[in-house]
Each structure stands twice: as structure tokens, then as C-alpha cells.
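[1] Structure for the following, please:
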Amino acid sequence: MDKVTQNAALEQVTAITNIRIFDGNQLIAPRHIVVKGESIISVGGDLPAGATIIDGENATLMPGFIDAHVHTSIGGLRDALKFGVTTELEMNGDFTKRGREIQLKNVNDVADVRSAGTAITAPGGHPDELLPDGDEIPEFILKELEKLSEEDRESMLAAYAHDHEEIPQVTTVEEAIKHVHTQVENGADYIKIMIEEGTVMGAPGLPVLSEEILKTAVTEAHKFDKLVIAHVLTALSSQEAIDFGVDGLGHLFIDRPENTSGLVMSIAASGAFVTPCLVLNSSILGNPASELANDPRVHSKLSSDWIDILNSSFNTFPQGNMENSFKNVMDLHRAGVDILVGTDVAPVPVPNLGGLAHGASVHHEMQLLVKAGFTPIEALQSATAKPARCFGLNDRGRIAEGARADLILVTGDPTTNISDTLSIKSVWFKGVQQRY
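    Okay, here's the model as predicted:
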């Protein structure tokens with residue numbers, strides 16, 4: 001966008017009218033908003049003279065969704081935006097401030113992204129068990145590269161190289177401190193630690209760092225005022241993470257031991273948030289997301305490769321029970337724990353990481369939260385205002401005067417029927433209506 005066009009866009013005033021408004025917390029009385037440039041300048045009130053009017057025809061306007069757990073790429077960010085996911089929060093990858101400046105320069109048709117940089121894990125620890133062996137780029141990566149522009153191809157190669165480069169060794173307290181410093185220097189927005197011994201991932205016996213090292217990493221990150229999010233998939237590792245003082249759990253424990261109530265109380269008392277990634281738990285248990293894949297509102301927006309991924313699953317813990325995850329998330333929710341929408345989707349369509357896709361799985365996650373017992377409004381809060389608040393993204397996640405104009409307009413009323421979130425009419429990113 002040249003300077004003249006950019007200045008014109010900043011001066012453009014648009015009124016979105018005749019709409020039902022979910023503001024990130026609740027339905028509100030006003031029936032229109034006014035956007036100027038990148039921001040919402042009024043909610044209700046008088047319509048400015050000369051404003052461009054967009055009649056929403058009694059549709060529902062919501063803040064752009066936030067996926068609080070992804071691993072992404074330019075293609076992933078592009079798909080996310082198609083589904084009204086205007087922000088993705090990367091939990092292990094290369095979209096730190098430094099990475100964004102390199103990879104997203106002059107890229108305008110993608111969602112915003114924040115990143116933990118490289119997570120802290122033991123040598124040979126998670127996610128090593130999920131990555132292909134050897135130095136050659138796998139066929140599925142090469143297949144994706146063929147479809148991309150030169151710019152996107154370079155970005156994906158950079159992301160792949162990041163995930164497969166020599167991971168900084170963390171075997172001592174000193175190395176953990178150095179690792180945190182490195183991520184902060186790279187512009188990491190928060191810090192991620194891995195506590196995964198592998199049983200749920202079909203790889204029991206994965207190495208895990210000692211309590212002393214992990215606790216030191218958390219303490220060091222907090223010195224830089226960085227949130228710390230823990231990868232945990234069992235009740236035991238969840239309790240360990242809370243004991244270390246983490247600010248959030250990046251997953252929901254998939255088991256349900258007898259002492260679950262004690263763990264729930266511990267999480268609630270700590271003030272930590274939980275991003276359950278129910279879509280991942282379902283996939284780990286062997287459930288493909290075929291209903292989502294077959295929905296024409298999804299099928300029409302994704303490549304055949306991503307549709308194939310949705311129709312598959314991790315299937316590493318088929319002995320588990322999805323009802324346990326539903327009970328666990330409801331126990332946490334009733335205890336007052338902030339529950340955030342997240343998906344743990346991979347940056348590219350990887351055959352063994354099935355059931356998940358950028359953007360689409362955010363809608364699936366909200367559907368699963370409602371199936372677990374959330375009201376539709378509570379599920380929407382978990383994809384908008386709550387992740388914005390928990391991650392300090394104070395300019396988004398809500399419809400209010402002065403907020404960033406990241407918006408999604410849908411047919412129907414998702415505050416009563418959560419599936420309506422997929423009936424997308426329009427998406428705005430920083431005040432610009434996207435064209436698809």
C-alpha cells in the first residue's frame with residue numbers, strides 16, 4: 001500500500017449498521033459502530049456525515065477471534081484471517097518481534113501474531129517425537145513449498161529451519177537462564193516451558209528437565225515481566241507447572257485422577273489461565289474433525305491438504321475418554337479459572353498431526369466448549385476478551401471506542417447458536433475489510 005493510499009485508508013470513515021453486537025463480554029444495546037482508520041471511534045451514537053454505510057442486515061458483529069495456542073506460518077496466518085481469527089499466539093516458533101520484522105515485512109493479508117520463540121525443553125524432549133527424522137525436508141513440506149510465492153516459500157523454509165536447527169541445549173540452571181535471555185533478546189512476547197514425559201503422545205519416557213531448572217526458567221522469565229505458559233497434558237504435570245509458578249497452562253490435562261478437585265483448586269488459587277485445546281485432546285483420543293471438514297463453510301476456504309488433515313487424527317492415546325476432558329474443563333470454569341480458546345495447530349499440514357486447521361479449529365473449539373457445558377456467550381468470551389486480557393493485548397478482543405477494528409460479521413446469532421460463528425459475511429483487520 002503506497003503512502004497516498006495508506007493515508008486515504010486512515011481517513012476513511014465506515015459505519016457498520018443494523019447489527020447485533022457482541023462486544024467481547026456480552027450483547028449490548030447499540031446497533032451500529034463507526035470505524036475510522038484502524039480503530040473503532042464510536043459504538044452507537046450519531047452516524048457521521050459522509051460515512052460509508054455497510055448494512056449488516058441484522059447480522060452479528062464480534063471482535064476478531066484470538067487463537068491462544070498455535071504453531072504457525074504465513075499460510076497459517078492467512079487461513080486464520082479467512083475465518084475471522086485476527087490474532088494467533090504462537091507457542092513455539094519463529095514469529096518473535098525479530099522474526100515478524102523479517103518474515104512479515106510487506107505482508108498485509110495475514111492475521112497478527114505473537115510468539116514465545118523457542119520453548120524450553122530437554123534435549124530430545126517434546127516436541128522432538130513429532131518431528132521427522134533426518135536432515136532432509138519431508139515430502140509434505142516440499143509439496144507445500146511448491147504452492148507458495150517466493151516470499152512465502154522463504155518464510156516457510158525459515159520456519160522449518162528454526163524448528164530443526166540445533167536447539168539451544170538446556171541441561172543446567174545456567175543454560176535455562178541463558179535460554180530465557182536469548183528469547184527475550186529475540187523479542188519473545190512470553191516464554192514457554194515443556195513438561196511432557198510422552199505417555200499421552202504415544203512416546204513414553206521422553207526426557208523432561210528437572211524441577212530446579214524449570215522453576216529457574218519461570219523465575220527468570222518473570223524478572224523480564226514475561227508470562228510463562230507450560231505445555232502439560234496430565235494432571236501430574238499440570239500440578240508441577242502450577243507449583244513452579246507459571247501464568248498459564250497451554251493444555252488441559254487429559255486424565256482424570258481421584259484428586260482432580262485438589263488440582264482444580266490449586267489452579268484457581270494460583271490465578272493461572274488454561275487453554276484447553278479440546279480439539280487437540282479429541283484428536284489425541286483418535287477423533288478426526290470430519291464434521292468440521294465436511295461443513296461447506298469450512299471446506300470452501302481450506303486447501304485439500306488441510307481438509308485431509310482435518311479428516312485424520314493424532315490417535316496417540318485412544319484409551320482416553322473425551323468426557324474426562326469435558327468434566328475437567330467445566331470444573332475449572334466453575335472454579336473461576338480463565339479458559340482461553342486455542343488449537344495447537346501445526347504450521348503446515350503434517351500427516352501425523354491431524355484433526356486441526358488454522359482458523360477453522362477455533363470455531364470447532366468453541367463448539368466443543370459449548371458441548372462441554374459452556375454457554376455460547378462464555379465460549380465467545382474465551383475467544384475474544386479473555387485471551388486479550390490474559391495476554392495483555394489491550395487494544396483488541398472487544399468492541400469499544402478506541403479499540404482496534406479487528407472484527408467479524410456473521411449471519412445469525414452465535415450467542416444462542418455457536419455454530420453461527422462459521423457463517424462469515426465479512427472480516428475486518430485493523431479497519432480494512434478483507435476481500436475473499
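[2] what bits of this protein have low per-residue confidence?
    Applying pLDDT under 70 to the chain picks out residues 1-10, 132-168.
[3] how about 90 then?
    Of all residues in the chain, those with pLDDT under 90 make up the ranges 1-12, 58, 105-106, 128-169, 258-259, 350-352, 435-436.
[4] Centre-most residue in it?
    The chain has D67 as the residue nearest its centroid, 2.4 Å off, counting by Cα atoms, centre = their mean.
[5] Wait, a strand at it?
    Yes. Under DSSP: H, G, I helix; E, B strand; the rest coil, D67 sits within a strand.
[6] And for E291, the neighbour number?
    12 (other Cβ atoms under 10 Å). From N, CA and C alone the C-beta is placed, and that goes for glycine too.
[7] Run through who's touching the helix or strand where it lies.
    Per DSSP states H and E, E291 falls inside helix 290-294. By Cβ atoms under 8 Å, 6 or more residues apart in numbering, the residues outside helix 290-294 that reach it are 298-299, 307, 310-311, 360-361, 363-364.
[8] Can you give me the distance of the residue nearest to the centre of the chain to L263?
    D67 sits 25 Å away from L263, taking Cβ to Cβ, to the nearest Å as the criterion.
[9] now do I54
    Taking Cβ to Cβ as the measure, I54 falls 47 Å from L263.
[10] what's the answer for R297, then?
    Distance, R297 to L263, using Cβ to Cβ: 37 Å.
[11] Could I get the CA-only coordinates of stretch 377-396 as PDB?
    Taking Å, rounded to 0.1, in the frame of the first residue of the first chain, the C-alpha atoms of stretch 377-396 are listed here in PDB:
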ATOM      1  CA  ILE A 377     -21.500 -16.400  25.200                       C
ATOM      2  CA  GLU A 378     -19.000 -17.900  27.500                       C
ATOM      3  CA  ALA A 379     -17.300 -19.700  24.600                       C
ATOM      4  CA  LEU A 380     -17.200 -16.400  22.600                       C
ATOM      5  CA  GLN A 381     -15.600 -14.700  25.600                       C
ATOM      6  CA  SER A 382     -12.900 -17.300  25.600                       C
ATOM      7  CA  ALA A 383     -12.000 -16.400  22.000                       C
ATOM      8  CA  THR A 384     -12.100 -12.700  22.400                       C
ATOM      9  CA  ALA A 385     -12.000 -10.600  25.700                       C
ATOM     10  CA  LYS A 386     -10.400 -13.300  27.900                       C
ATOM     11  CA  PRO A 387      -7.300 -14.100  25.800                       C
ATOM     12  CA  ALA A 388      -6.800 -10.400  25.100                       C
ATOM     13  CA  ARG A 389      -6.900  -9.600  28.900                       C
ATOM     14  CA  CYS A 390      -4.700 -12.600  29.900                       C
ATOM     15  CA  PHE A 391      -2.000 -11.800  27.400                       C
ATOM     16  CA  GLY A 392      -2.200  -8.000  27.900                       C
ATOM     17  CA  LEU A 393      -3.400  -7.300  24.300                       C
ATOM     18  CA  ASN A 394      -5.300  -4.300  25.500                       C
ATOM     19  CA  ASP A 395      -6.100  -2.900  22.000                       C
ATOM     20  CA  ARG A 396      -8.200  -5.900  20.900                       C
END
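[12] Now do that stretch: distance to the chain's middle.
    Here stretch 377-396 is found 11 Å from its chain centre; the criterion is Cα atoms, centre = their mean, to the nearest Å.
[13] Show me which residues of that stretch are buried.
    377-391, 393, 396 (16 or more other Cβ atoms under 10 Å).
[14] quick one, phi psi at the residue of the chain most remote from its centre?
    In the chain, the greatest distance from the average C-alpha position (Cα atoms, centre = their mean) is reached by A49, at 38.5 Å. Torsion angles at A49 (phi, psi; degrees, to the nearest 10) stand at phi -60, psi 140.
[15] show me what contacts the nearest residue to L206 once chain neighbours are set aside?
    Closest residue to L206 apart from its sequence neighbours, by Cβ to Cβ, 6 or more residues apart in numbering: G198 at 3.5 Å. Residues near G198 by Cβ under 8 Å, 6+ apart: 126, 129, 204-206.
[16] which of these count as buried?
    Looks like those have 126, 206 buried, using 16+ other Cβ under 10 Å.
[17] From the contacts of G198, which land in helices?
    Using DSSP state H, no member of those sits in helices.
[18] With distance to V85 added, can I get the contacts of G198 in JSON lines?
    Converted to JSON lines, those look like this (distance: Cβ to Cβ, whole Å):
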{"residue": "H126", "distance to V85": "25"}
{"residue": "E129", "distance to V85": "28"}
{"residue": "P204", "distance to V85": "34"}
{"residue": "G205", "distance to V85": "36"}
{"residue": "L206", "distance to V85": "30"}
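[19] A119: which of the contacts of G198 is nearest?
    H126 (8.7 Å; Cβ to Cβ).
[20] what about the residue nearest to the closest one when sequence neighbours are not counted, distance to A400?
    Excluding its sequence neighbours, the residue lying closest to H126 (Cβ to Cβ, 6+ apart) is E196, at 3.7 Å. With distances taken as Cβ to Cβ, E196 is found 39 Å from A400.
[21] Comparing these two, which shows the higher neighbour count?
    Between E196 and A400, counted using other Cβ under 10 Å, E196 has the larger neighbour count: 24 against 16.
[22] So the more buried one is in contact with S238, correct?
    No. If you go by Cβ atoms under 8 Å, E196 and S238 don't touch, sitting 11.4 Å apart.
[23] what do these two both touch?
    V232.
[24] circling back: which SSE is immediately downstream of the helix holding E291?
    Using DSSP H and E, the helix or strand that follows helix 290-294 towards the C-terminus is helix 296-299.
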